[in-house]
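Trainee: using only what follows, build the 3D model:
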Amino acid sequence: MSDTAAAAASLSEYAEAAIIEDEALIEARMRAEELGATAISPATGALLSLLARVAGSTHVVEIGTGVGVSGLWLLAGMPENGVLTTIDPEPEHHRAARETFADAHIGPGRTRLINGAPTDVLTRLADETYDLVFVDGAPLSYPLFVTEAIRILRPGGLVVVNNASADGTIADREADDPRTLAAREAASIIAEDDRLLPAVIPVGTGLLAAAKA
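Mentor: Residues are numbered from 1 along each chain as shown. You can find the predicted model right below:
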């Protein structure tokens, strides 16, 4: 490993270790392990909270509820009257997420859990209504998710794509598996939209964030 790569790895380890999660998040991570659900890293969660607060996010859409780990981090950055709409096709994820939100004393009026295919649900959401859209669902559907996220995002809002690196394969020119190709297509959709100001953030498995003009 080169000195630069070693320094980057050390910085990543520090970023993750610097975040102390509360009991509700620790319990949620245990649920994720039991269900075999993937949860965002602590540093990714902290950044989501920051972005939600900077964007003044009262109305947030999350694609991929999981067990509620990312939902808790998003809610932590939202005002008390903020509402998180979170979409997931797996009923057991929603049951686990409800437990997670209850453990964290999140009022029922602050979350709207929708059990359904995100590709169907997103098309029913209104144009330019949401302050932040977090994309963290089925990787092969990322291009469609990103397209719909841009549509429903208000001017000045943020779209944030999790695992934008496709677990590290996106920069490999020889990688042509469906997941990597989908990640590249989603990134291209954002890069080619003149209304968006994007940045890749090397935290967790990589975030691609973009602000809408």
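
Trainee: only C-alpha atoms from now on, for both contacts and neighbour counts.
Mentor: Will do.

Trainee: what about the helices in the chain?
Mentor: Chain-ordered helices for the chain, with DSSP state H as the definition, fall at 3-17, 23-35, 42-54, 69-76, 91-103, 118-121, 142-152, 178-191.

Trainee: who's Asn115 bridged to?
Mentor: Using DSSP bridges, the beta-bridge partners of Asn115 come out as Asp88.

Trainee: quick check: it vs Ala46, distance?
Mentor: Distance, Asn115 to Ala46, by Cα to Cα, to the nearest Å: 26 Å.

Trainee: the more surrounded of these two?
Mentor: Ala46 (22 against 17; other Cα atoms under 10 Å).

Trainee: show me what the one helix or strand in the chain whose mean pLDDT sits lowest is packed against.
Mentor: Lowest mean confidence among the helices and strands of the chain (mean pLDDT, DSSP states H and E): helix 3-17, at a mean of 84. In terms of contacts (3 or more Cα pairs under 8 Å, 6 or more residues apart in numbering; DSSP states H and E), helix 3-17 is packed against helix 42-54.

Trainee: so which residues make contact with the helix it packs on?
Mentor: Applying Cα atoms under 8 Å, 6 or more residues apart in numbering, the external contacts of helix 42-54 come out as 15-16, 18-21, 69-70, 73-79, 132, 203-204, 207.

Trainee: run the chain-centre distance for that helix.
Mentor: Average the C-alpha atoms of helix 42-54, do the same for its chain, and the two points are 10 Å apart (Cα atoms, centre = their mean, to the nearest Å).

Trainee: any buried residues in that helix, and which?
Mentor: 42-53 (16 or more other Cα atoms under 10 Å).

Trainee: columns distance to Arg173 and pLDDT on top of the residues you listed, output as a markdown table?
Mentor: Formatted as a markdown table, the entries for the buried residues of helix 42-54 read as follows, by distance: Cα to Cα, whole Å; pLDDT from 0 to 100:
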| residue | distance to Arg173 | pLDDT |
| --- | --- | --- |
| Pro42 | 30 | 97 |
| Ala43 | 28 | 96 |
| Thr44 | 26 | 97 |
| Gly45 | 29 | 98 |
| Ala46 | 31 | 97 |
| Leu47 | 29 | 97 |
| Leu48 | 29 | 98 |
| Ser49 | 33 | 98 |
| Leu50 | 33 | 98 |
| Leu51 | 31 | 98 |
| Ala52 | 33 | 98 |
| Arg53 | 36 | 98 |
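
Trainee: dump the residues you listed to a markdown table, plus distance to Leu181.
Mentor: As requested, the buried residues of helix 42-54 are arranged in a markdown table below (distance: Cα to Cα, whole Å):
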| residue | distance to Leu181 |
| --- | --- |
| Pro42 | 27 |
| Ala43 | 26 |
| Thr44 | 23 |
| Gly45 | 26 |
| Ala46 | 28 |
| Leu47 | 26 |
| Leu48 | 25 |
| Ser49 | 29 |
| Leu50 | 29 |
| Leu51 | 27 |
| Ala52 | 28 |
| Arg53 | 32 |
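
Trainee: biggest separation within these, which pair?
Mentor: Using Cα to Cα, the two most remote members of the buried residues of helix 42-54 are Pro42 and Arg53, lying 16.8 Å apart.

Trainee: quick check: Ala104 vs Asp167, distance?
Mentor: When Cα to Cα is applied, the distance between Ala104 and Asp167 equals 30 Å.

Trainee: ok, these two, which is more surrounded?
Mentor: The neighbour comparison of Ala104 against Asp167 (other Cα under 10 Å) goes to Ala104, with 16 against 13.
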